[in-house]
Structures are given as C-alpha cells and as structure tokens.
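>>> I would like the atomic coordinates for the input below:
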Amino acid sequence: MSRVYINLKNKPLLYESKVERLTAGICNEILPLSIIKNRKITKGIYHTDGYKKVSDVGILSAVQVLSVIEGVIAMSEKLKNNFFFPEEYVLSPDTVYIDAKFENYKLAYIPAKERCRAEKSLSCFIGCMRKFTTPDGMLYLDTLRNLVESGSLKSERMIGFIERLKGEIRVCGIK
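A predicted model of the protein is given here:
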C-alpha cells in the first residue's frame, strides 16, 4: 500500500472547511485521505495505490507532457464541481498523481498559502513541467503557457487547442 504523509500541524484551519469532503472520498479526483490527530500533531495520509507523482514519471515526450496538462485541466474542472477551486490548492508535479496508462489524474489536496488566479496556478504548473520533457516538449509547453497566461480561452477550448497541438506533433513525427 503506497502512502504519502503530510504534516498538518500548522495548517488545520486551511483544511478545516474541506475535511469532511476530503475524508469522505466523495471527490474521485482527490486521493483518498485519512487524518490522524493527537495532542501534538495532525497528520494527513494520502493513499496513492496505482498512482505515481507526475514528478516521478521521468522524461515525457511532447505528446505525453501535453496529455498531462490536458488531464490536469480536465481534473481541475471536475474538482470545481465538488467545490475545490484552483485558487485554493497547490498545483505542482508533486501534488498531481497519474496512473500507469496516463488516463486518470488525482490530486493530493494541499491548501495554497496564498490564493492566486486559476490561470496563474496552471501557468506555474506548466512552467514546472518543462523539466520533465524533451526540448520539443518545452517549446509546446511555452506556447501553451503563453495562451494560458492570456486568459483568453476557457478550459474546453484549451483542451481542444492541446488536441490540435498533439495532432501536429504526431503528423510531424516529433518526439
């Protein structure tokens, strides 16, 4: 059984409003969480069976890294439906988990210390993903990051744009 332990000692108030939804497992996009409290410490335990941190996957091809971004955008939209908004959590290669088939994404919910716009959060995530891809993948990430920072497209259109980029990569034979 794979687990990730998080010290919540200094963060209980940030979790307080979400604890019931986090521990009940009603949101499929968030890793199952157990919380252990004693007098001195509060710990969160995320159960990661079948999933790997994106940062542990290794070097991704251009198509794979764009697929990760696409999956994260779709996951973020589903999280909004469960009242977990991008401004409230940390989005990073260490908090996003992926299954072996690159089809399912889950989040280890860590509350953000400071709220930032959803576009900024996604832009930072895309920037962090640059170190997990090829030089060609970096170019496509830069293009996508510029689009995200402009704030001109909604999630559905961004996913459509990513699909077009992936099609271009396949047609051109880019790795």
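
>>> measure stretch 42-53 end to end?
End-to-end distance of stretch 42-53 (Cα to Cα, to the nearest Å): 23 Å.

>>> now it: average pLDDT?
Across stretch 42-53, pLDDT averages out at 90.

>>> where along this structure do the helices fall?
12-16, 19-24, 62-81, 118-129, 135-150, 155-172 (DSSP state H).

>>> buried residues, the second one. List them.
Spelled out, it's helix 19-24. 21-22 (16 or more other Cβ atoms under 10 Å). Every C-beta, even on glycine, is put in place using the N, C-alpha and C of the backbone.

>>> including distance to Glu87 and mean pLDDT, could the helices of the chain go into TSV?
Below are those laid out as TSV (distance: least, Cβ to Cβ, whole Å; pLDDT from 0 to 100):
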stretch	distance to Glu87	mean pLDDT
helix 12-16	13	59
helix 19-24	17	80
helix 62-81	10	95
helix 118-129	6	94
helix 135-150	15	94
helix 155-172	15	94
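
>>> what comes up buried for stretch 57-65?
So for stretch 57-65, counting by 16+ other Cβ under 10 Å, buried means 57, 60, 62-65.

>>> can you list the neighbours in contact with it?
Residues from elsewhere that reach stretch 57-65 (Cβ atoms under 8 Å, 6 or more residues apart in numbering): 68, 98, 102, 129, 132-134, 136-137, 140-141, 166, 169-170, 174-175.

>>> of those residues, which pair is most distant in space?
Ile98 and Ile174 (21.5 Å; Cβ to Cβ).

>>> done for today, thanks.
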